[in-house]
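[1] just coords:
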Ligand code: NCD
């Protein structure tokens, strides 16, 4: 039985097959409309989410399956003190596959160790968010036509942003990628990530000003400053509007640069940018459904005949 805890759990070749499947789902949705009939997906969300949970639910429903679950810890037995290991054993009797989000790093991994069904990490604290990364990679592949051979800027909260951590690790396996990390000094990317890049001889720069690097970028990955991960409100207030991508800054960028964002957006991208064809964050949400459909099929071992 296979789980997904980290994007690196899949080899680059396995990811290619997953993305090919997602492409086919996009082109021929009817072919997959009954693929998961009789199967159930449990969404166990101990931390708030709209798009990730609904994206999983939409994916399972589009495959003809059914969904059950809870959307915050208060409405689950965690509020009575139940451990994730016990919860997943119970859920294993109710569903065929589980997507779990948890504020504690590693909780979905602990659950997977006791689970009778495949577990998907839907975000664990400030650690990893593999299905967002699959979404990001599919979006880049579909809209840029390649994974590799580009300069990507990641901007915002690179310290706590799990989407950024997962994406950097995943992209580090492709060739000719140059990273530019754009953050205030307080929200720099963690050392374990820059150590990994050093070891692999992958070029990266750390800068504070977004304007400085705009003309160099093929891709710009904006992220939210995550209030819930700060220890004090003052630091959050000081840093929350550090970056605001607006049409002026966009005018410094290449014609074919793409702007991605895992969403939710707060102030870091001004709404006027939404009309720019280079802003693809809402398209990204749609790719997220296709890739989660492909992932559910893959982890359940379901093949759809031609
Ligand atoms: C992200 C997350 O939860 O880490 N959102 C998402 O899943 N699309 C990013 C965020 O919350 O800022």
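    Done, it's in. Note that the structure is a prediction, hence the values are computed from the model and not measured.
[2] contacts, neighbours, all on C-alpha from now
    Will do.
[3] against the ligand, how distant is residue 220?
    Distance of residue 220 to the ligand, given as Cα to the nearest ligand atom, to the nearest Å: 15 Å.
[4] residue 156 now?
    The value you get for residue 156 to the ligand, if Cα to the nearest ligand atom is used, is 10 Å.
[5] try residue 194
    Distance check for residue 194 against the ligand: by Cα to the nearest ligand atom, it reads 20 Å.
[6] then residue 257?
    The separation that residue 257 has from the ligand, given Cα to the nearest ligand atom, amounts to 21 Å.
[7] next: residue 153.
    16 Å.
[8] are we agreed that that residue is in a helix?
    No. Under DSSP: H, G, I helix; E, B strand; the rest coil, residue 153 sits outside any helix and is assigned strand.
[9] identify the bridge partners of the nearest residue to residue 217 once chain neighbours are set aside.
    Nearest residue to residue 217, sequence neighbours excluded (Cα to Cα, 6 or more residues apart in numbering): residue 151, at 5.3 Å. Taking DSSP bridges as the rule, residue 151 bridges to residue 178.
[10] tell me the contacts of the closest residue to the ligand within the stretch 151-300 of the chain?
    Residue of the stretch 151-300 of the chain nearest the ligand, by Cα to the nearest ligand atom: residue 262 (4.3 Å). By Cα atoms under 8 Å, 6 or more residues apart in numbering, residue 262 lies in contact with 132, 136, 163, 222, 223, 281, 284.
[11] please list which of those residues are also close to the ligand.
    With the criterion set as Cα under 6 Å from any ligand atom, the members of the contacts of residue 262 near the ligand are residue 163.
[12] the closest residue to residue 53 other than its chain neighbours sits in which helix or strand?
    Spatial nearest neighbour of residue 53, chain neighbours left out: residue 43 (6.7 Å); criterion: Cα to Cα, 6+ apart. Assigned by DSSP states H and E, residue 43 belongs to strand 40-45.
[13] ok, residue 37 next?
    Here residue 37 is assigned to no helix or strand, by DSSP H and E.
[14] quick one on the thing from earlier: pLDDT score for the residue of the stretch 151-300 of the chain closest to the ligand?
    pLDDT, residue 262: 96.
[15] and the most centrally placed residue in the chain, what does it touch?
    Nearest to the centroid of the C-alpha atoms of the chain, with distances taken as Cα atoms, centre = their mean, sits residue 132, at 1.4 Å. Residues in contact with residue 132 (Cα under 8 Å, 6+ apart) are 163, 262, 288.
[16] distance from the helix or strand bottoming out on mean pLDDT in the chain to the middle of the chain?
    Scoring the helices and strands of the chain by mean pLDDT, DSSP states H and E places helix 233-239 at the bottom, with a mean of 86. Offset of helix 233-239 from its chain centre (Cα atoms, centre = their mean, to the nearest Å): 25 Å.
[17] buried stuff in the next helix or strand after it?
    Sequence-wise, the next helix or strand downstream of helix 233-239 (DSSP H and E) is helix 247-250. Within helix 247-250, the residues that count as buried by 16 or more other Cα atoms under 10 Å are 247, 250.
[18] repeat for stretch 247-265
    Under 16+ other Cα under 10 Å, the buried positions of stretch 247-265 are 247, 250, 253, 257, 258, 259, 260, 261, 262, 263.
[19] likewise stretch 71-88?
    So for stretch 71-88, counting by 16+ other Cα under 10 Å, buried means 71, 72, 73, 76, 84, 85, 87, 88.
[20] same check on stretch 271-286?
    Applying 16+ other Cα under 10 Å to stretch 271-286 flags 273, 274, 278, 279, 280, 281, 284, 285 as buried.
[21] residue 120: which of these is nearest?
    residue 285 (18.1 Å; Cα to Cα).
[22] show the contacting residues for the closest one.
    Applying Cα under 8 Å, 6+ apart, the residues near residue 285 are 51, 135.
[23] what strand or helix carries it?
    helix 281-300.
[24] where's that helix relative to the chain centroid, distance-wise?
    Distance, stretch centre to chain centre, for helix 281-300: 11 Å (Cα atoms, centre = their mean).
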